[in-house]
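Chemist: predicted model and sequence follow; I will ask about them next.
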Amino acid sequence: MQTDPHIQVSREGAVQSIRFDRADKKNAITRTMYAAMTSALRHGEADDAIGAHLILGQPGVFSSGNDMQDFMAFAMSGEMGNEVLEFLHTLPDLKKPVVSAVDGLAIGIGTTIHMHCDLTFATPRSLFKTPFVDLALVPEAGSSLLAPASMGYQRAFAMLAMGEDFSAEAAREAGLIYKVVDEANLEAEAFAAAANLAARPPVALSIAKQLLKSNKDGLAARIDEEAMHFEAQLKSEEAKAAFMAFMARKKAH
Ligand code: COA
């Protein structure tokens, strides 16, 4: 299994937990972190002793999305690497249930990842946001297909094209997440849900999930279509300017 120091993988009973562990960088996700997550998810799918995946962050931050240094490196080199795309294609392929727990910031893929989860729990102070267009980028992870279908076009537009903040309650109302839970109970409740799912008849559960998540081929094609635009935009001058503004903001601190 491919590992990364910033992705902690553990197993308790039939639940495999994958936890972002890069709090000093707000759990920004690097190429090697994507690769470690893909590897853990595939390992979990192949292991009969594992019945559910649980995705976790840190107190106050789920993830600030893709690492901005990596974005800048992609922009300068033109070389995307395939870690991100492999991860994005792994998500809709998962046959076992996926539960996620969010406390605090969930930005970019930190938000869109939940569109592939089966149950997401979030604390009241959580904030969901996808500033793609402000970074001169475009929606990813199949979100341009999944979000309008689940929350309606205008809310999806506000989220994905305008980068509007969604509180936990707004995300729940929009159908992005399942339930708002107090900080003290977040991980216990998410774990209990994952363990509960893992205890159910796995074949029936997997079929139910596949039936509910229809249009799998369309989703895979959309992930590729988004990635084509995303990659082109990454190399654009407007994106480079946005990444530089982020770096400069840091230097000014
Ligand atoms: N990639 C790389 N590093 C990131 C990061 C990211 N996506 N998000 C935060 N960090 C780093 C910061 O550079 C900083 O590092 P430093 O201490 O070495 O300078 C550290 O994490 C803490 O971030 P900071 O900006 O000081 O915290 P904050 O509480 O003021 O703001 C965020 C937190 C997440 C709102 C802000 O960092 C941010 O907007 N990040 C970018 C989010 C983003 O646009 N992601 C891409 C989505 S497509």
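Modeler: Sure, I can see it. Numbering: from 1, shown residues only.
Chemist: pLDDT weak spots in the chain?
Modeler: 250-253 (pLDDT under 70).
Chemist: now the closest residue to P124 other than its chain neighbours: how far from V9?
Modeler: In space, and not counting its chain neighbours, P124 is closest to A168: 5.4 Å by C-beta to C-beta, 6 or more residues apart in numbering. C-beta here means a position set from N, CA and C on the backbone, and glycine is covered the same way. The gap separating A168 from V9 is 26 Å, by C-beta to C-beta, to the nearest Å.
Chemist: who has more neighbours, those two?
Modeler: Each of A168 and V9 has its neighbours counted (other C-beta atoms under 10 Å); A168 has more, 25 against 18.
Chemist: all the helices of the stretch 151-253 of the chain, residue numbers only.
Modeler: 153-160, 168-173, 186-198, 202-212, 216-234, 237-252 (DSSP state H, counting those that start in this stretch).
Chemist: those helices into TSV, with extra columns for distance to the ligand?
Modeler: Output for these, formatted as TSV (distance: least, C-beta to the nearest ligand atom, whole Å):
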stretch	distance to the ligand
helix 153-160	11
helix 168-173	16
helix 186-198	19
helix 202-212	27
helix 216-234	10
helix 237-252	4
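Chemist: rebuild the ones you listed as a markdown table, extending it with distance to S64.
Modeler: Compiled in a markdown table, those are given as follows (distance: least, C-beta to C-beta, whole Å):
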| stretch | distance to S64 |
| --- | --- |
| helix 153-160 | 17 |
| helix 168-173 | 17 |
| helix 186-198 | 19 |
| helix 202-212 | 29 |
| helix 216-234 | 17 |
| helix 237-252 | 11 |
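Chemist: element containing T38, please.
Modeler: helix 31-46 (DSSP states H and E).
Chemist: which neighbouring elements make contact with that helix?
Modeler: strand 7-12, strand 15-20, helix 83-93 (3 or more C-beta pairs under 8 Å, 6 or more residues apart in numbering; DSSP states H and E).
Chemist: any idea which residue of the chain lies closest to the ligand?
Modeler: Minimum separation of the chain from the ligand (C-beta to the nearest ligand atom) falls at G108, amounting to 2.7 Å.
Chemist: now that residue. Nearest residue, chain neighbours left out?
Modeler: G65 is the one closest to G108 (C-beta to C-beta, 6+ apart), at 2.6 Å.
Chemist: hey, which of the helices and strands packed on helix 31-46 is tucked in deepest?
Modeler: The highest average neighbour count among the helices and strands packed on helix 31-46, using mean count of other C-beta atoms under 10 Å, belongs to strand 15-20 at a mean of 22.
Chemist: quick one: it to chain centroid distance?
Modeler: Chain-centre distance of strand 15-20: 13 Å, with C-alpha atoms, centre = their mean, to the nearest Å.
Chemist: what is it packed up against?
Modeler: When contacts are defined as 3+ C-beta pairs under 8 Å, 6+ apart, strand 15-20 packs onto strand 7-12, helix 31-46, strand 52-56, helix 186-198.
Chemist: and the helices of the stretch 151-253 of the chain: which comes nearest P92?
Modeler: Ranking these by proximity to P92 (C-beta to C-beta) places helix 216-234 first, at 5.2 Å.
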